[in-house]
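following is a predicted model, sequence given first.
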Amino acid sequence: MSIMQYWADMEQEGYNPEEFVERLAFRARSGSNSGDLSDAQNLHNTFLQAIKDLKIMHEKQEAKCRELEEKCREEERAHWSRVAGLIQRNKAANATYKSLDEKINSVAGKVVYLGDQLESVNTPRARDVEALRLIKHFDEFLDGETSVSPVFMDKSRLYEAADIIQKLHLIGQELPEDEFSHARRSIEAKYIEIEKALIEEFVKHHRSDDKQKMAELALILSHFRGYSECVNAFIEQIQLTSLRGKDPFKDIVPLCKQSWDTISQVFPSPATVMAKFVLNIYHVKLKEHITDKLQDKNNTEIYLKNLFQLYSQTTKLSSDLSHYNLGSDQLFLSRLTKDIFSRYLDSYINIESRYLNDRSRNVLTKYYENEGHQRKNISGGSGTVQELKRDIHGLIAARTNFNLADIVDYGGKTFLSDDIAIMLIQETREAFRRCQVLSKTSDLPSNAVEIFNILVSYLLHNHVDYAVELGLAGIPLPESKVPPEVYFFDIVRQTNTIIFLVDKLFSDSLVPLVVSTPKHADCLQTKKFEWEKLELKIDTGLDRSLAAIAGWIKTLLISEQKKTDFNPQGGEAIAVASGACLKVVKWIGDLTKKIRDSLDGRNVEWVLQELGIRLHRAVYEHLMQFQFASAGAMTLICDMQEYRRCVSDWKIPTVTALFETLHAMCNLLILPPENLRGAAMGDQLANMDKTILDNWLQLRVDYKTARLANCL
């Protein structure tokens, strides 16, 4: 195997010595018989030859490495020699640099010294030249020959003339008036003439939008007395071509942005000029616009809307302009706004109160006129005297069938309007918005309370409370001989709706204005008082309504119930509900639907519970007037089934239990004597007083004959 073959095997990627030996053995054994003993000798010879060849290769490689190492050492020595030379050259260059730097500093010091010396000589000389020039010009003014000086005749030398006349004017102010009066007057005249020319030039370049020339002229004029006139001319020129629309608020912010770009480039003190520019806008254009909008106070509604809108727009405008540099006064814009609106804001709450009073009064008056109703002066219908008077009228009606009470139900009209309430609440909500913006911080709580009190006066007192009083007066007496029309439930429904709306307004609009102030507690107290007053009257009305319903139930049962229903004569009664019961149940069903439609929440539950209790009492007291045979008791049980079915839909546990108990008592009227004791000890009757049960059993026609007195 050749040495080149060895190199090819060992230079392969991933060389492995074991694989190299295996490959060498495979090549040595190829073509030979595996069972021949000479194969081992051949393999041995091959390995020996390969070892010799590899030793030769190793020796050659070592010799080559030694040669390369020697060559590297020679190159390293040459590089170190070259680096040493470069270090020496760098040291020499550094020394030369330090020397040059010292020489340059020395020369620079001498140059500065010479410059100072030249300046000390040149400055007085320049001052002297300037003084000489001014003296020559002043001499011309002494002679009264200002027109012969070329600098004042040549318009192209206006800047130079301005510099001269400004200095001469300062000098003239220091001279005695008696000796130099003529010269001072001449200088003053020329000063005014040149100042006017400079302003005219400024305006001309402003029209052509030459900001560079404008800046030069503004800098020159800043040393003149008429600098403010230059600023005024700049402002007037801007306003000639802007703020011509009906609504200046739309144009002011873009105009200020555009003007600020010019002002910051032209004037040496841009903050002062910008402040004067904004001041002119507020006190001229804006004030004229606001005065024109608010001059007519005859239409109070439009006046208040305009005042709110204009003040809000002005406040927003001030906020938009606050990022401009307007000087050191941080309250500059707020003072401008206050100056414009102060006379309007001082009288705001008086106008607001007058508007709300007039508006609320007119709305209610128009509503009652449309309803064809003349308001009445009625006293509180829930007072003790009124209750006593009503009871007396009811007693007279029960005894004599003569009704002295003046019961007017107005054909079901409640004289309550959700639309009217929403209208007044919306007016109040808008008033709260205006109040929050237009009131001073110190006056805000008291102004908000004043607005709320107006709403309470008209909506709650003059509308809701008035309607509740009419409703109370229109509730039928319990002794009514006709089915009572109970419209008070509708009043309760509408009153609850209005109270909900007022409560939402109270929380959303009033509380944020008075919170954390003493007025907050006053408002809560007022709200509590008004709510409790209405709640008391509503409770009284509901109680009267239920009394009228219970009275009619009694009247209906008395007029429709026959004694033969429960004690039939000459034959067995058919086990069906009596006509009186069916009429009562039907009427109660219709009434229940109306109650559910008119009331909501716990009001429905409370009214139905009270109605059920009074229905139970009326039925029980009615039944205590009859005698019951066995056949009639079956009719009574059928009646009880109807009553139970009627109240079961209410899902009022108290009422359900009452009629379940009454049904159990009805069963006592048909049971044989021997079963009465067990029935009386049942779950529904176990806790009942035995006297009541004994009185109940006395209604049986066989109570004496069957000797039922001791059955319990």
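The structure has been received and is ready for your questions.

burial of Ser507, as a residue count?
By the criterion of other CB atoms under 10 Å, Ser507 has 11 neighbours. The C-beta positions use only the backbone N, C-alpha and C, and glycine is treated the same way.

and what of Ala664?
By other CB under 10 Å, the residues close to Ala664 number 17.

so which strand or helix has it?
Assessed by DSSP states H and E, Ala664 sits inside helix 653-667.

in that helix, which residues are buried?
Val655, Leu658, Phe659, Glu660, Thr661, Leu662, His663, Ala664, Met665, Cys666, Asn667 (16 or more other CB atoms under 10 Å).

out of those residues, the closest to Asn377 would be?
For the buried residues of helix 653-667, the residue nearest Asn377 by CB to CB is Val655; the value is 40.9 Å.

so that closest one makes contact with Ile613?
Yes: between Val655 and Ile613 a contact is recorded at 6.8 Å, counting by CB atoms under 8 Å.

got a list of contacts for the helix holding Ala664?
By CB atoms under 8 Å, 6 or more residues apart in numbering, the surrounding residues in contact with helix 653-667 are 608-609, 612-613, 615-616, 619-620, 633, 636-637, 640-641, 643-644, 647-648, 650, 679, 682, 684-685, 688, 693, 696.

try 6 Å
If you take CB atoms under 6 Å, 6 or more residues apart in numbering as the criterion, helix 653-667 is touched by Gln609, Gly612, His616, Leu636, Ile637, Met640, Tyr643, Arg644, Val647, Gln684, Leu685, Trp696.

the last one belongs to a helix?
What that stands for is Trp696. Yes: under DSSP: H, G, I helix; E, B strand; the rest coil, Trp696 sits within a helix.

measure Phe566 to Pro653 for me?
29 Å (CB to CB, to the nearest Å).

with Lys71 instead?
The gap separating Lys71 from Pro653 is 115 Å, by CB to CB.

cool, Leu68 as well?
Taking CB to CB, one finds Leu68 at 112 Å from Pro653.

same deal with Asn16?
When distance is defined by CB to CB, Asn16 is 96 Å away from Pro653.

just the CA coordinates for the helix holding Ala664, please, in PDB.
In PDB, the C-alpha atoms belonging to helix 653-667 read as follows (Å, rounded to 0.1, in the frame of the first residue of the first chain):
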ATOM      1  CA  PRO A 653     -97.500  32.800  51.800                       C
ATOM      2  CA  THR A 654     -99.500  34.700  54.400                       C
ATOM      3  CA  VAL A 655    -102.600  34.900  52.300                       C
ATOM      4  CA  THR A 656    -102.400  31.300  51.100                       C
ATOM      5  CA  ALA A 657    -102.100  30.100  54.700                       C
ATOM      6  CA  LEU A 658    -105.200  32.100  55.700                       C
ATOM      7  CA  PHE A 659    -107.400  30.600  53.000                       C
ATOM      8  CA  GLU A 660    -106.000  27.100  53.600                       C
ATOM      9  CA  THR A 661    -107.000  27.500  57.300                       C
ATOM     10  CA  LEU A 662    -110.400  28.800  56.400                       C
ATOM     11  CA  HIS A 663    -110.800  25.800  54.000                       C
ATOM     12  CA  ALA A 664    -109.900  23.400  56.800                       C
ATOM     13  CA  MET A 665    -112.500  25.100  59.000                       C
ATOM     14  CA  CYS A 666    -115.100  24.600  56.200                       C
ATOM     15  CA  ASN A 667    -114.400  20.900  56.300                       C
END
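
next helix or strand past it?
The helix or strand immediately downstream of helix 653-667 is helix 673-680, counting by DSSP H and E.

in that following helix, which residues are buried?
Applying 16+ other CB under 10 Å to helix 673-680 flags Leu676, Ala679, Ala680 as buried.

how far out from the middle of the chain is it?
Here the centre of helix 673-680 is set off from its chain's centre by 72 Å, with CA atoms, centre = their mean, to the nearest Å.

just want the angle from that helix to helix 653-667.
For helix 673-680 against helix 653-667, the angle by axes from the mean of the first three to the mean of the last three CA atoms, to 10 degrees is 170 degrees.

mean confidence for helix 673-680?
The average pLDDT for helix 673-680 rounds to 80.

same check, this time on stretch 503-517
92.

how far does that stretch sit from its chain's centre?
On CA atoms, centre = their mean, the centre of stretch 503-517 falls 14 Å from the chain's centre.

now it: buried residues?
For stretch 503-517, burial by neighbour count (16+ other CB under 10 Å) applies to Leu505, Phe506, Ser509, Leu510, Leu513, Val514.

checking my notes, the first one in a helix, right?
Yes: looking at Leu505 with three-state DSSP, it is inside a helix.

would you agree it is in contact with Gln426?
No: proximity of Leu505 to Gln426 does not meet the contact threshold set by CB atoms under 6 Å, at 9.2 Å.

per-residue pLDDT, Gly579?
For Gly579, the model assigns a pLDDT of 88.

look up how far Lys586 lies from it.
11 Å.

which residues does Tyr348 contact?
Counting by CB under 6 Å, 6+ apart, Tyr348 touches Leu438.

can you rerun that using 10 Å?
Residues counted as contacts of Tyr348 (CB atoms under 10 Å, 6 or more residues apart in numbering) are 304, 307-308, 311, 341, 434-435, 437-440, 443, 447.
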